[in-house]
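S.K.: coords please:
(2 chains)
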Protein chains: 2
Amino acid sequence: MSRPLLQVALDHLSLTEALKTTRVLASEVDVLEGGTILCYAEGAPRVVSTLRALYPDHIILADLKAADAGTVVARQVFEQGATWMTVICSAPYATMEAAKRVADEYDGDIQVELYGDWTFEHAQQWRKIGLTQAIYHRGRDAQAAGQKWGDEDLSKIRKLSEMGFGVSVTGGLNPEDLSLFKGIPVRCFIAGRSLSEADDPVAVAAAFHTEIERYW
Amino acid sequence: MSRPLLQVALDHLSLTEALKTTRVLASEVDVLEGGTILCYAEGAPRVVSTLRALYPDHIILADLKAADAGTVVARQVFEQGATWMTVICSAPYATMEAAKRVADEYDGDIQVELYGDWTFEHAQQWRKIGLTQAIYHRGRDAQAAGQKWGDEDLSKIRKLSEMGFGVSVTGGLNPEDLSLFKGIPVRCFIAGRSLSEADDPVAVAAAFHTEIERYW
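M.R.: Presented below is the predicted three-dimensional model:
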(Lines give C-alpha, C1' and ligand atoms only; values in the text may rest on other atoms or scores of the structure.)
Protein backbone atom coordinates (compact mmCIF):
# COMPACT_ATOMS: atom_id res chain seq x y z
CA MET A 1 0.00 0.00 0.00
CA SER A 2 1.60 3.30 -0.97
CA ARG A 3 1.66 5.95 1.67
CA PRO A 4 -1.09 8.62 1.58
CA LEU A 5 -0.03 12.05 0.34
CA LEU A 6 -0.66 15.29 2.21
CA GLN A 7 -2.66 17.95 0.37
CA VAL A 8 -3.29 21.51 1.44
CA ALA A 9 -6.51 23.13 0.23
CA LEU A 10 -5.97 26.78 -0.60
CA ASP A 11 -9.42 28.22 -0.01
CA HIS A 12 -8.34 31.80 0.48
CA LEU A 13 -10.17 34.78 -0.93
CA SER A 14 -7.07 36.05 -2.74
CA LEU A 15 -3.99 34.62 -4.35
CA THR A 16 -1.86 36.88 -2.16
CA GLU A 17 -3.26 35.26 0.97
CA ALA A 18 -2.89 31.79 -0.55
CA LEU A 19 0.75 32.44 -1.37
CA LYS A 20 1.47 33.35 2.23
CA THR A 21 0.35 29.82 3.03
CA THR A 22 2.28 28.12 0.23
CA ARG A 23 5.48 29.99 1.12
CA VAL A 24 5.34 28.36 4.54
CA LEU A 25 3.75 25.03 3.68
CA ALA A 26 4.69 24.04 0.13
CA SER A 27 7.79 22.12 1.17
CA GLU A 28 5.72 20.20 3.75
CA VAL A 29 2.98 18.95 1.39
CA ASP A 30 2.71 16.87 -1.78
CA VAL A 31 -0.39 18.41 -3.34
CA LEU A 32 -1.34 22.08 -3.63
CA GLU A 33 -5.04 22.51 -4.16
CA GLY A 34 -6.36 25.63 -5.82
CA GLY A 35 -9.68 25.58 -3.95
CA THR A 36 -13.04 26.42 -5.48
CA ILE A 37 -13.26 29.63 -3.46
CA LEU A 38 -9.81 30.77 -4.60
CA CYS A 39 -10.44 29.83 -8.24
CA TYR A 40 -13.69 31.81 -8.22
CA ALA A 41 -12.01 34.70 -6.46
CA GLU A 42 -9.03 35.06 -8.79
CA GLY A 43 -9.80 33.03 -11.88
CA ALA A 44 -8.73 29.40 -12.18
CA PRO A 45 -6.13 29.82 -14.95
CA ARG A 46 -4.37 32.51 -12.91
CA VAL A 47 -4.39 30.40 -9.75
CA VAL A 48 -3.05 27.32 -11.51
CA SER A 49 -0.42 29.11 -13.59
CA THR A 50 0.89 30.99 -10.55
CA LEU A 51 1.15 27.82 -8.48
CA ARG A 52 2.79 25.98 -11.37
CA ALA A 53 5.34 28.76 -11.89
CA LEU A 54 6.28 28.74 -8.22
CA TYR A 55 6.07 25.00 -7.59
CA PRO A 56 7.09 23.14 -10.75
CA ASP A 57 7.37 19.76 -9.03
CA HIS A 58 4.18 19.68 -6.96
CA ILE A 59 0.95 17.98 -7.83
CA ILE A 60 -1.41 20.88 -8.47
CA LEU A 61 -5.12 20.29 -8.20
CA ALA A 62 -7.78 22.64 -9.54
CA ASP A 63 -10.87 22.00 -7.42
CA LEU A 64 -13.41 23.23 -9.94
CA LYS A 65 -16.15 20.68 -9.16
CA ALA A 66 -17.07 20.88 -12.85
CA ALA A 67 -20.68 19.99 -13.62
CA ASP A 68 -20.83 20.76 -17.32
CA ALA A 69 -18.75 21.90 -20.29
CA GLY A 70 -16.05 19.39 -19.37
CA THR A 71 -13.77 20.13 -22.30
CA VAL A 72 -13.69 23.91 -21.93
CA VAL A 73 -13.36 23.89 -18.16
CA ALA A 74 -10.61 21.26 -18.19
CA ARG A 75 -8.64 23.16 -20.83
CA GLN A 76 -8.75 26.28 -18.63
CA VAL A 77 -6.62 24.53 -16.02
CA PHE A 78 -4.68 21.73 -17.73
CA GLU A 79 -3.26 24.21 -20.25
CA GLN A 80 -1.91 26.16 -17.27
CA GLY A 81 -0.18 23.18 -15.70
CA ALA A 82 -2.77 21.54 -13.47
CA THR A 83 -2.07 17.91 -12.60
CA TRP A 84 -5.56 17.04 -11.41
CA MET A 85 -9.02 18.61 -11.67
CA THR A 86 -12.26 17.74 -9.87
CA VAL A 87 -15.72 17.12 -11.31
CA ILE A 88 -18.84 17.01 -9.18
CA CYS A 89 -20.46 13.61 -8.72
CA SER A 90 -23.76 14.83 -10.17
CA ALA A 91 -22.11 15.89 -13.45
CA PRO A 92 -23.33 14.01 -16.52
CA TYR A 93 -21.02 11.13 -17.50
CA ALA A 94 -20.46 12.94 -20.80
CA THR A 95 -18.95 15.86 -18.87
CA MET A 96 -16.67 13.57 -16.90
CA GLU A 97 -15.55 11.82 -20.08
CA ALA A 98 -14.90 15.11 -21.82
CA ALA A 99 -12.81 16.36 -18.90
CA LYS A 100 -10.93 13.06 -18.76
CA ARG A 101 -10.01 13.28 -22.44
CA VAL A 102 -8.43 16.68 -21.87
CA ALA A 103 -6.68 15.46 -18.71
CA ASP A 104 -5.24 12.52 -20.66
CA GLU A 105 -3.75 14.87 -23.25
CA TYR A 106 -1.77 16.52 -20.48
CA ASP A 107 -0.96 13.34 -18.52
CA GLY A 108 -3.29 14.74 -15.90
CA ASP A 109 -6.17 13.13 -14.07
CA ILE A 110 -9.76 13.76 -12.98
CA GLN A 111 -11.12 13.28 -9.47
CA VAL A 112 -14.82 12.84 -8.73
CA GLU A 113 -15.95 14.91 -5.78
CA LEU A 114 -18.55 13.10 -3.70
CA TYR A 115 -21.39 15.20 -2.34
CA GLY A 116 -25.03 14.37 -1.77
CA ASP A 117 -26.71 11.11 -2.70
CA TRP A 118 -24.24 9.50 -5.07
CA THR A 119 -24.53 5.70 -5.28
CA PHE A 120 -22.19 2.79 -5.95
CA GLU A 121 -24.03 2.30 -9.26
CA HIS A 122 -22.82 5.77 -10.21
CA ALA A 123 -19.35 4.82 -8.99
CA GLN A 124 -19.34 1.79 -11.26
CA GLN A 125 -20.14 4.03 -14.21
CA TRP A 126 -17.29 6.32 -13.25
CA ARG A 127 -14.92 3.36 -13.27
CA LYS A 128 -16.34 2.28 -16.62
CA ILE A 129 -15.48 5.63 -18.20
CA GLY A 130 -11.98 5.35 -16.84
CA LEU A 131 -12.04 7.43 -13.67
CA THR A 132 -9.80 6.16 -10.88
CA GLN A 133 -9.86 8.92 -8.28
CA ALA A 134 -12.57 10.11 -5.91
CA ILE A 135 -12.70 12.61 -3.07
CA TYR A 136 -14.75 11.67 -0.06
CA HIS A 137 -15.73 14.27 2.45
CA ARG A 138 -17.76 15.81 5.01
CA GLY A 139 -18.58 19.13 3.38
CA ARG A 140 -17.56 22.34 5.07
CA ASP A 141 -21.16 23.17 5.84
CA ALA A 142 -22.11 19.62 6.85
CA GLN A 143 -19.13 19.71 9.17
CA ALA A 144 -20.16 23.06 10.62
CA ALA A 145 -23.59 21.47 11.17
CA GLY A 146 -21.85 18.94 13.41
CA GLN A 147 -21.60 15.88 11.15
CA LYS A 148 -18.75 13.59 12.32
CA TRP A 149 -16.68 10.86 10.69
CA GLY A 150 -18.43 7.54 11.25
CA ASP A 151 -18.39 3.84 10.37
CA GLU A 152 -20.59 4.53 7.37
CA ASP A 153 -17.99 6.93 5.96
CA LEU A 154 -15.21 4.42 6.54
CA SER A 155 -17.07 1.55 4.93
CA LYS A 156 -17.92 3.66 1.88
CA ILE A 157 -14.30 4.75 1.52
CA ARG A 158 -13.18 1.12 1.82
CA LYS A 159 -15.67 0.00 -0.81
CA LEU A 160 -14.65 2.76 -3.26
CA SER A 161 -11.09 1.74 -2.72
CA GLU A 162 -11.89 -1.91 -3.46
CA MET A 163 -13.60 -0.78 -6.67
CA GLY A 164 -10.29 0.64 -7.81
CA PHE A 165 -10.57 4.27 -6.77
CA GLY A 166 -7.70 6.10 -5.19
CA VAL A 167 -9.75 7.88 -2.53
CA SER A 168 -8.74 11.22 -1.07
CA VAL A 169 -10.32 12.20 2.22
CA THR A 170 -11.24 15.64 3.48
CA GLY A 171 -13.48 17.65 5.77
CA GLY A 172 -12.08 19.25 8.90
CA LEU A 173 -9.31 16.65 9.25
CA ASN A 174 -6.88 16.94 12.12
CA PRO A 175 -3.80 14.74 12.59
CA GLU A 176 -5.54 12.78 15.36
CA ASP A 177 -8.31 11.77 12.92
CA LEU A 178 -5.94 9.83 10.66
CA SER A 179 -5.88 6.69 12.77
CA LEU A 180 -9.56 6.22 11.86
CA PHE A 181 -8.51 5.44 8.30
CA LYS A 182 -5.87 2.85 9.22
CA GLY A 183 -5.81 -0.07 6.79
CA ILE A 184 -7.40 1.92 3.95
CA PRO A 185 -5.11 2.90 1.06
CA VAL A 186 -6.06 6.60 1.21
CA ARG A 187 -4.64 8.54 -1.74
CA CYS A 188 -4.40 11.97 -0.08
CA PHE A 189 -5.37 13.47 3.21
CA ILE A 190 -6.61 16.96 2.50
CA ALA A 191 -6.45 19.67 5.11
CA GLY A 192 -7.51 23.25 4.66
CA ARG A 193 -7.91 25.64 7.53
CA SER A 194 -6.55 23.15 10.09
CA LEU A 195 -3.21 23.60 8.28
CA SER A 196 -3.29 27.07 6.80
CA GLU A 197 -4.80 28.78 9.82
CA ALA A 198 -2.73 26.91 12.42
CA ASP A 199 -0.49 28.93 14.70
CA ASP A 200 2.37 26.74 13.53
CA PRO A 201 1.40 25.26 10.15
CA VAL A 202 4.72 23.43 9.73
CA ALA A 203 4.26 21.66 13.06
CA VAL A 204 0.74 20.60 12.11
CA ALA A 205 2.00 19.31 8.74
CA ALA A 206 4.70 17.38 10.59
CA ALA A 207 2.04 15.91 12.87
CA PHE A 208 0.09 14.76 9.81
CA HIS A 209 3.23 13.10 8.44
CA THR A 210 3.95 11.42 11.77
CA GLU A 211 0.49 9.89 11.76
CA ILE A 212 0.78 8.87 8.10
CA GLU A 213 4.11 7.15 8.80
CA ARG A 214 2.70 5.49 11.90
CA TYR A 215 -0.28 3.92 10.16
CA TRP A 216 0.89 3.38 6.55
CA MET B 1 -49.08 33.31 -15.34
CA SER B 2 -46.31 35.88 -15.63
CA ARG B 3 -44.41 35.87 -18.86
CA PRO B 4 -41.07 34.00 -18.96
CA LEU B 5 -37.94 36.16 -18.96
CA LEU B 6 -35.12 35.85 -21.46
CA GLN B 7 -31.66 35.15 -20.06
CA VAL B 8 -28.37 35.14 -21.91
CA ALA B 9 -25.64 32.88 -20.56
CA LEU B 10 -22.24 34.49 -20.90
CA ASP B 11 -19.97 31.47 -21.14
CA HIS B 12 -17.08 33.22 -22.80
CA LEU B 13 -13.45 32.64 -21.93
CA SER B 14 -12.85 36.31 -21.19
CA LEU B 15 -14.79 39.28 -19.91
CA THR B 16 -13.79 41.21 -23.03
CA GLU B 17 -15.51 38.65 -25.24
CA ALA B 18 -18.53 38.56 -22.93
CA LEU B 19 -18.88 42.33 -23.08
CA LYS B 20 -18.98 42.25 -26.88
CA THR B 21 -22.09 40.13 -26.41
CA THR B 22 -23.70 42.26 -23.70
CA ARG B 23 -23.10 45.46 -25.70
CA VAL B 24 -25.27 44.01 -28.45
CA LEU B 25 -27.72 41.95 -26.41
CA ALA B 26 -28.20 43.54 -22.99
CA SER B 27 -31.14 45.66 -24.07
CA GLU B 28 -32.82 42.57 -25.54
CA VAL B 29 -32.67 40.37 -22.43
CA ASP B 30 -33.86 40.47 -18.83
CA VAL B 31 -31.17 38.39 -17.17
CA LEU B 32 -27.40 38.49 -17.70
CA GLU B 33 -25.77 35.28 -16.55
CA GLY B 34 -22.11 35.27 -15.60
CA GLY B 35 -21.54 31.66 -16.65
CA THR B 36 -19.43 29.16 -14.76
CA ILE B 37 -16.78 29.18 -17.49
CA LEU B 38 -16.53 32.98 -17.44
CA CYS B 39 -16.48 33.16 -13.64
CA TYR B 40 -13.65 30.62 -13.52
CA ALA B 41 -11.83 32.41 -16.32
CA GLU B 42 -11.92 35.91 -14.83
CA GLY B 43 -12.97 35.55 -11.21
CA ALA B 44 -16.59 35.72 -10.16
CA PRO B 45 -16.43 39.01 -8.20
CA ARG B 46 -14.87 40.74 -11.22
CA VAL B 47 -17.48 39.35 -13.60
CA VAL B 48 -20.39 40.32 -11.38
CA SER B 49 -19.09 43.77 -10.45
CA THR B 50 -18.37 44.62 -14.08
CA LEU B 51 -21.83 43.53 -15.22
CA ARG B 52 -23.46 45.40 -12.33
CA ALA B 53 -21.54 48.58 -13.14
CA LEU B 54 -22.60 48.45 -16.76
CA TYR B 55 -26.15 47.18 -16.29
CA PRO B 56 -27.54 48.52 -13.01
CA ASP B 57 -31.12 47.48 -13.76
CA HIS B 58 -30.64 43.93 -15.04
CA ILE B 59 -31.06 40.75 -13.09
CA ILE B 60 -27.49 39.44 -12.81
CA LEU B 61 -26.99 35.77 -12.14
CA ALA B 62 -23.71 34.23 -10.99
CA ASP B 63 -23.79 30.63 -12.17
CA LEU B 64 -21.36 29.25 -9.62
CA LYS B 65 -23.05 25.86 -9.08
CA ALA B 66 -21.82 26.06 -5.48
CA ALA B 67 -21.39 22.69 -3.79
CA ASP B 68 -19.90 23.77 -0.48
CA ALA B 69 -18.87 26.79 1.57
CA GLY B 70 -22.19 28.44 0.83
CA THR B 71 -21.61 31.54 2.91
CA VAL B 72 -18.20 32.43 1.52
CA VAL B 73 -19.08 31.69 -2.09
CA ALA B 74 -22.36 33.62 -1.90
CA ARG B 75 -20.65 36.64 -0.35
CA GLN B 76 -18.18 36.71 -3.22
CA VAL B 77 -20.98 37.54 -5.64
CA PHE B 78 -23.82 39.13 -3.66
CA GLU B 79 -21.43 41.74 -2.27
CA GLN B 80 -20.64 42.67 -5.88
CA GLY B 81 -24.24 43.10 -6.89
CA ALA B 82 -25.44 39.70 -8.02
CA THR B 83 -29.22 39.22 -7.99
CA TRP B 84 -29.22 35.44 -8.15
CA MET B 85 -26.64 32.68 -7.62
CA THR B 86 -26.82 28.97 -8.41
CA VAL B 87 -26.05 25.99 -6.19
CA ILE B 88 -25.63 22.46 -7.52
CA CYS B 89 -28.41 20.01 -6.69
CA SER B 90 -25.97 17.63 -4.98
CA ALA B 91 -24.82 20.32 -2.53
CA PRO B 92 -25.57 19.57 1.13
CA TYR B 93 -28.74 21.27 2.35
CA ALA B 94 -26.56 23.14 4.85
CA THR B 95 -24.70 24.73 1.93
CA MET B 96 -27.92 25.75 0.24
CA GLU B 97 -29.25 27.23 3.46
CA ALA B 98 -26.03 29.12 4.08
CA ALA B 99 -26.10 30.58 0.56
CA LYS B 100 -29.78 31.47 0.94
CA ARG B 101 -29.10 33.39 4.16
CA VAL B 102 -26.53 35.54 2.36
CA ALA B 103 -28.85 36.01 -0.62
CA ASP B 104 -31.62 37.16 1.71
CA GLU B 105 -29.35 39.82 3.21
CA TYR B 106 -29.00 41.32 -0.25
CA ASP B 107 -32.59 40.75 -1.40
CA GLY B 108 -31.13 38.21 -3.77
CA ASP B 109 -32.11 34.63 -4.46
CA ILE B 110 -30.66 31.15 -4.91
CA GLN B 111 -31.40 28.81 -7.80
CA VAL B 112 -30.84 25.05 -7.62
CA GLU B 113 -29.17 23.72 -10.73
CA LEU B 114 -30.49 20.28 -11.65
CA TYR B 115 -27.94 17.78 -12.93
CA GLY B 116 -27.71 14.03 -12.51
CA ASP B 117 -30.03 11.92 -10.39
CA TRP B 118 -31.82 14.48 -8.23
CA THR B 119 -35.21 13.34 -6.93
CA PHE B 120 -38.50 14.98 -5.97
CA GLU B 121 -37.71 14.05 -2.36
CA HIS B 122 -34.66 16.31 -2.67
CA ALA B 123 -36.84 18.95 -4.27
CA GLN B 124 -39.22 18.83 -1.30
CA GLN B 125 -36.28 19.46 1.02
CA TRP B 126 -35.20 22.40 -1.10
CA ARG B 127 -38.68 23.87 -0.76
CA LYS B 128 -38.58 23.20 2.98
CA ILE B 129 -35.41 25.26 3.38
CA GLY B 130 -37.01 28.09 1.46
CA LEU B 131 -35.71 27.68 -2.07
CA THR B 132 -38.15 28.69 -4.81
CA GLN B 133 -36.10 28.59 -7.99
CA ALA B 134 -34.64 25.72 -10.00
CA ILE B 135 -32.86 25.43 -13.31
CA TYR B 136 -33.73 22.48 -15.47
CA HIS B 137 -31.51 21.54 -18.33
CA ARG B 138 -30.00 19.31 -20.76
CA GLY B 139 -26.31 19.77 -19.96
CA ARG B 140 -24.00 21.07 -22.65
CA ASP B 141 -22.27 17.71 -22.86
CA ALA B 142 -25.48 15.67 -22.64
CA GLN B 143 -26.80 17.84 -25.44
CA ALA B 144 -23.66 17.30 -27.52
CA ALA B 145 -24.18 13.58 -26.89
CA GLY B 146 -27.55 13.94 -28.68
CA GLN B 147 -30.00 14.05 -25.76
CA LYS B 148 -33.24 15.82 -26.82
CA TRP B 149 -36.07 17.53 -24.95
CA GLY B 150 -38.74 14.93 -24.21
CA ASP B 151 -42.00 14.30 -22.39
CA GLU B 152 -40.07 13.24 -19.30
CA ASP B 153 -38.38 16.64 -19.17
CA LEU B 154 -41.66 18.46 -19.59
CA SER B 155 -43.44 16.47 -16.92
CA LYS B 156 -40.59 17.02 -14.45
CA ILE B 157 -40.61 20.75 -15.15
CA ARG B 158 -44.39 20.83 -14.68
CA LYS B 159 -44.12 18.95 -11.40
CA LEU B 160 -41.39 21.25 -10.05
CA SER B 161 -43.53 24.17 -11.01
CA GLU B 162 -46.52 22.71 -9.14
CA MET B 163 -44.28 22.28 -6.10
CA GLY B 164 -43.75 26.03 -6.07
CA PHE B 165 -40.50 26.38 -7.99
CA GLY B 166 -39.99 29.06 -10.57
CA VAL B 167 -38.27 26.87 -13.12
CA SER B 168 -35.77 28.23 -15.62
CA VAL B 169 -35.05 26.10 -18.65
CA THR B 170 -31.83 25.76 -20.61
CA GLY B 171 -29.76 23.53 -22.84
CA GLY B 172 -29.31 24.37 -26.51
CA LEU B 173 -32.65 26.20 -26.68
CA ASN B 174 -33.70 27.77 -29.96
CA PRO B 175 -36.80 29.96 -30.42
CA GLU B 176 -38.64 27.11 -32.14
CA ASP B 177 -38.23 24.94 -29.00
CA LEU B 178 -40.30 27.29 -26.83
CA SER B 179 -43.68 26.00 -27.97
CA LEU B 180 -42.79 22.71 -26.24
CA PHE B 181 -43.12 24.47 -22.89
CA LYS B 182 -46.53 26.04 -23.60
CA GLY B 183 -48.75 26.03 -20.51
CA ILE B 184 -45.85 25.82 -18.07
CA PRO B 185 -45.04 28.98 -16.07
CA VAL B 186 -41.35 28.97 -17.04
CA ARG B 187 -39.37 31.58 -15.09
CA CYS B 188 -36.61 32.19 -17.64
CA PHE B 189 -35.58 30.74 -20.94
CA ILE B 190 -31.81 30.65 -20.97
CA ALA B 191 -29.87 30.75 -24.20
CA GLY B 192 -26.12 30.76 -24.55
CA ARG B 193 -24.38 30.19 -27.82
CA SER B 194 -27.63 30.16 -29.82
CA LEU B 195 -27.87 33.85 -28.92
CA SER B 196 -24.31 35.04 -28.46
CA GLU B 197 -22.88 33.22 -31.46
CA ALA B 198 -25.77 33.96 -33.80
CA ASP B 199 -25.03 35.94 -36.97
CA ASP B 200 -27.71 38.38 -35.86
CA PRO B 201 -28.10 38.04 -32.07
CA VAL B 202 -30.73 40.78 -31.85
CA ALA B 203 -32.91 39.02 -34.41
CA VAL B 204 -32.63 35.75 -32.50
CA ALA B 205 -33.52 37.52 -29.24
CA ALA B 206 -36.52 39.04 -31.00
CA ALA B 207 -37.54 35.59 -32.22
CA PHE B 208 -37.39 34.33 -28.61
CA HIS B 209 -39.62 37.24 -27.51
CA THR B 210 -42.06 36.58 -30.32
CA GLU B 211 -42.44 32.98 -29.21
CA ILE B 212 -42.74 33.99 -25.54
CA GLU B 213 -45.49 36.48 -26.41
CA ARG B 214 -47.22 33.93 -28.58
CA TYR B 215 -47.43 31.23 -25.90
CA TRP B 216 -47.53 33.16 -22.60
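S.K.: Show me what the longest strand along chain A is packed up against.
M.R.: Determined from DSSP state E, the single longest strand within chain A is strand A:59-66. Judged by 3 or more C-beta pairs under 8 Å, 6 or more residues apart in numbering or on different chains; DSSP states H and E, strand A:59-66 is in contact with strand A:5-10, strand A:31-34, helix A:36-42, helix A:44-54, helix A:70-78, strand A:84-88, strand A:109-114. For glycine as for every other residue, the C-beta is placed from the backbone atoms N, C-alpha and C.
S.K.: would TSV of those with mean neighbour count, mean pLDDT and distance to B:Val47 be doable?
M.R.: Listed next are the helices and strands packed on strand A:59-66 as TSV, based on neighbours: other C-beta atoms under 10 Å in any protein chain shown; pLDDT from 0 to 100; distance: least, C-beta to C-beta, whole Å:
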stretch	mean neighbour count	mean pLDDT	distance to B:Val47
strand A:5-10	24	98	21
strand A:31-34	26	98	18
helix A:36-42	25	98	9
helix A:44-54	21	98	13
helix A:70-78	24	97	14
strand A:84-88	27	98	20
strand A:109-114	24	98	23
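S.K.: Throw those into CSV and include distance to A:Leu61, thanks.
M.R.: Output for these, formatted as CSV (distance: least, C-beta to C-beta, whole Å):
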stretch, distance to A:Leu61
strand A:5-10, 7
strand A:31-34, 4
helix A:36-42, 11
helix A:44-54, 9
helix A:70-78, 9
strand A:84-88, 4
strand A:109-114, 7
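S.K.: mind giving me TSV with those and columns for distance to chain B?
M.R.: TSV is the format used below for these (distance: least, C-beta to the nearest C-beta, whole Å):
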stretch	distance to chain B
strand A:5-10	11
strand A:31-34	11
helix A:36-42	4
helix A:44-54	4
helix A:70-78	6
strand A:84-88	6
strand A:109-114	7
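S.K.: Any regions of chain A where pLDDT drops low?
M.R.: A:1, A:139-143 (pLDDT under 70).
S.K.: swap the cut-off to 80 and go again
M.R.: A:1, A:138-148 (pLDDT under 80).
S.K.: which helix of it spans the most residues?
M.R.: Secondary structure assigned by DSSP state H gives helix A:201-215 as the longest helix of chain A.
S.K.: What residues sit buried inside that one?
M.R.: A:Pro201, A:Val204, A:Ala205, A:Ala207, A:Phe208, A:His209, A:Glu211, A:Ile212, A:Tyr215 (16 or more other C-beta atoms under 10 Å in any protein chain shown).
S.K.: and the first one, how far is that from chain B?
M.R.: If I follow you right, that is A:Pro201. Distance of A:Pro201 to chain B, given as C-beta to the nearest C-beta, to the nearest Å: 20 Å.
S.K.: didn't that residue look like it was pressed against A:Arg23?
M.R.: No - counting by C-beta atoms under 8 Å, A:Arg23 is not a contact partner of A:Pro201; they are 10.3 Å apart.
S.K.: Now do the contacts for A:Ala74.
M.R.: For A:Ala74, the contact set (C-beta atoms under 8 Å, 6 or more residues apart in numbering or on different chains) comprises A:Ala66, A:Met85, A:Ala98, A:Ala99, A:Val102, A:Ala103, A:Ile110.
S.K.: Contact partners for the first one?
M.R.: A:Ala66 makes contact with A:Val73, A:Ala74, A:Met85, A:Thr86, A:Val87, A:Ile88, A:Ala91, A:Thr95, A:Ala99, B:Thr36, according to C-beta under 8 Å, 6+ apart.
S.K.: any chance of those residues in JSON lines, with distance to B:Leu54 too?
M.R.: Output for these, formatted as JSON lines (distance: C-beta to C-beta, whole Å):
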{"residue": "A:Val73", "distance to B:Leu54": "25"}
{"residue": "A:Ala74", "distance to B:Leu54": "30"}
{"residue": "A:Met85", "distance to B:Leu54": "31"}
{"residue": "A:Thr86", "distance to B:Leu54": "32"}
{"residue": "A:Val87", "distance to B:Leu54": "32"}
{"residue": "A:Ile88", "distance to B:Leu54": "31"}
{"residue": "A:Ala91", "distance to B:Leu54": "32"}
{"residue": "A:Thr95", "distance to B:Leu54": "31"}
{"residue": "A:Ala99", "distance to B:Leu54": "32"}
{"residue": "B:Thr36", "distance to B:Leu54": "20"}
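S.K.: Out of the residues you listed, which comes closest to A:Val48?
M.R.: A:Met85 (9.1 Å; C-beta to C-beta).
S.K.: so what's that closest one up against?
M.R.: Applying C-beta under 8 Å, 6+ apart to A:Met85 gives the contacts A:61-64, A:66, A:73-74, A:77-78, A:99, A:103, A:108, A:110-111.
S.K.: from the residues you listed, which is closest to B:Tyr136?
M.R.: Looking across those and measuring by C-beta to C-beta, the closest to B:Tyr136 is A:Ala66, at 19.2 Å.
S.K.: picking up where we left off before, packing partners of the longest helix of chain A?
M.R.: Using 3+ C-beta pairs under 8 Å, 6+ apart, helix A:201-215 sits against strand A:5-10, helix A:15-25, strand A:188-191, helix A:193-196.
S.K.: let's see it at 7 Å
M.R.: strand A:5-10, helix A:15-25, helix A:193-196 (3 or more C-beta pairs under 7 Å, 6 or more residues apart in numbering or on different chains; DSSP states H and E).
S.K.: about what we covered before: any chance of the buried residues of helix A:201-215 in CSV, plus distance to B:Gly150?
M.R.: Putting those into CSV (distance: C-beta to C-beta, whole Å) gives the following:
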residue, distance to B:Gly150
A:Pro201, 53
A:Val204, 53
A:Ala205, 52
A:Ala207, 55
A:Phe208, 50
A:His209, 53
A:Glu211, 52
A:Ile212, 50
A:Tyr215, 51
